[in-house]
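*Asks:* Following is a predicted model, sequence given first.
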Amino acid sequence: MPLLLSKPFLSFFQLSKPRFFMSHFPNLPPISSPRARLRGVVFDMDGTLTVPVIDFAAMYRAVLGDDEYRRIKAQNPSGIDILHHIEDWDPDKQRKAYDAIADYERRGLDRLQIMPGAAELCGFLDSKKLRRGLITRNVKMAVDLFHERFGITFSPALSREFRPYKPDPAPLLHICSAWEVQPNEVIMIGDSLKDDVACGKRAGAFTCLLDETGRYDSPEYANVEFKPDYKVSSLAEVLSILEAYFELAP
Ligand SMILES: [Mg+2]
């Protein structure tokens, strides 16, 4: 009897797994058959391909001031979109804000480190001949420095000079069209729910949230609009997910 029951129970358990665990997002959804074809992988840069070194909270506080920062943070539980927020400011105030942002980004560049598992994952993608792109809200200079310093290149690599930037789906759709692939043949990997997962889901791509510290397990993220298809705590796990869930075919 337990044998007869085990299979349906397992399927039910797997399907319902996210609701029974602390995370609001599925770490490992059921494997569908046939497996989805994957032709390219698009990465976020800061905090995904590189170790997070930019203190975003301090940056937002410097740009907005303490009170405004607290007010906006309370209104935006999944995170503050600082670039969007300063878009309508008057030119002088806006220039100061951009200077403050650039200052935090520059300090981040000095301490730039590649994320553990990034080189291995890119090597794996190369072995499967899968395309590799990059979308960042950071500036082009930071992408150039990444390419130079770590010798791993992404093409296309779109920085915030490309408008509109994430979480708009435009940069991801641009990459898909440059690659001549469909958005549902691509996975977007990033550490930001509000930028990377939102951009990926809006474009119609698969998404994978890198959550090293489990911060997205917090209840404030339970009811967000866009949820990732996969959640991992390291880039090494991404490799396993790609192998288990996708037909990797350039
Ligand atoms: Mg990031």
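*Replies:* Cool, the structure landed. Numbers count the residues shown, from 1 in each chain.
*Asks:* Other residues contacting the helix or strand where L242 lies?
*Replies:* In the assignment (DSSP states H and E), L242 maps to helix 235-245. With C-beta atoms under 8 Å, 6 or more residues apart in numbering as the contact definition, helix 235-245 has outside contacts at 28, 31-32, 35-36, 38, 41, 48, 115-118, 120-121, 124, 187, 189, 208, 210, 230, 232, 248. All C-beta spots, glycine's among them, are computed from the backbone N, C-alpha and C.
*Asks:* Could you find the closest non-adjacent residue to R202?
*Replies:* With sequence-adjacent residues excluded and distances taken as C-beta to C-beta, 6 or more residues apart in numbering, R202 is closest to P169, at 3.9 Å.
*Asks:* Also A36?
*Replies:* Nearest in space to A36, with sequence neighbours left out and distances taken as C-beta to C-beta, 6+ apart, is F246 at 5.6 Å.
*Asks:* my guess is the one you found contacts P34, does it?
*Replies:* No: assessed by C-beta atoms under 8 Å, F246 is found out of contact with P34, at 10.4 Å.
*Asks:* ok, L173 - how many residues close by?
*Replies:* Residue crowding around L173 was assessed by other C-beta atoms under 10 Å; the count is 17.
*Asks:* Can you name the residues of this structure that neighbour the ion?
*Replies:* By C-beta under 5 Å from the ion, the part of the chain that sits against the ion consists of 44, 46-47, 191-192.
*Asks:* Go again with 6 Å.
*Replies:* Proximity of the chain to the ion (C-beta under 6 Å from the ion) is limited to residues 44, 46-48, 190-192.
*Asks:* need the residues you listed in TSV with secondary structure, can you?
*Replies:* Listed next are the residues of the chain next to the ion as TSV, based on DSSP: H, G, I helix; E, B strand; the rest coil:
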residue	secondary structure
D44	coil
D46	strand
G47	coil
T48	coil
G190	strand
D191	coil
S192	coil
